[in-house]
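1. coords below, sequence missing:
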């Protein structure tokens, strides 16, 4: 996940593997939700994130919505394009589609 707030870009990788260390899907999901809560606490600037499309709806709870590439700041747009190339290659190797989409949480 990439979070971009204000003029700086902060890269915050978040992922979880259900079943690792005795965790089930719910506990991994709760852990990831807590991480997002922590990253967003007190943030009033617009925040962008890049996430696999299948998880995008989960981010609505924090006020994120999907946006087009033209709505991204140049720094996030570059990361998005690189991410699309990397995830396309990863999709081919894993034989599982990965489709990242940009999301925006507007300034508060």
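-> Received the coordinates, thanks. If you're wondering where the values come from, they're calculated on a predicted model, not measured in any experiment. Numbering: from 1, shown residues only.

2. where exactly do the strands run in this structure?
-> Ranges of strands within the chain are 2-5, 8-11, 47-52, 64-66, 100-105, based on DSSP state E.

3. any idea how far residue 30 is from residue 97?
-> Applying C-beta to C-beta, to the nearest Å, the value for residue 97 to residue 30 is 26 Å. C-beta: built from backbone N, CA, C; applies to glycine.

4. do the same with residue 43
-> If you go by C-beta to C-beta, the gap between residue 43 and residue 30 works out to 21 Å.

5. equivalent analysis for residue 39, please.
-> Separation of residue 39 from residue 30 (C-beta to C-beta) stands at 15 Å.

6. which one's more surrounded, the two?
-> Taking other C-beta atoms under 10 Å, residue 39 and residue 30 do not tie; residue 39 has more neighbours (17 against 12).

7. quick one: contacts for residue 51?
-> With contacts defined as C-beta atoms under 8 Å, 6 or more residues apart in numbering, residue 51 is in contact with 1, 59, 100, 101, 103.

8. and it, bridged to which residues?
-> Beta bridges link residue 51 to residue 101, judged by DSSP bridges.

9. look up how far residue 80 lies from it.
-> 11 Å.

10. which neighbours do the two share?
-> Contact criterion C-beta under 8 Å, 6+ apart; residues shared by residue 51 and residue 80: residue 100.

11. enumerate every residue touching residue 64.
-> Taking C-beta under 8 Å, 6+ apart, one finds 47, 49, 56, 103, 104, 105 in contact with residue 64.

12. contacts for stretch 81-95?
-> Residues outside stretch 81-95 that contact it (C-beta under 8 Å, 6+ apart) are 2, 50, 52, 69, 97, 98, 99, 100.

13. from residue 62, how far off is residue 37?
-> As judged by C-beta to C-beta, residue 37 and residue 62 stand 8 Å apart.

14. who's more crowded, the two?
-> residue 62 (15 against 11).

15. hang on, that one packs against residue 105?
-> Yes. Between residue 62 and residue 105 there is a contact under C-beta atoms under 8 Å: 6.0 Å.
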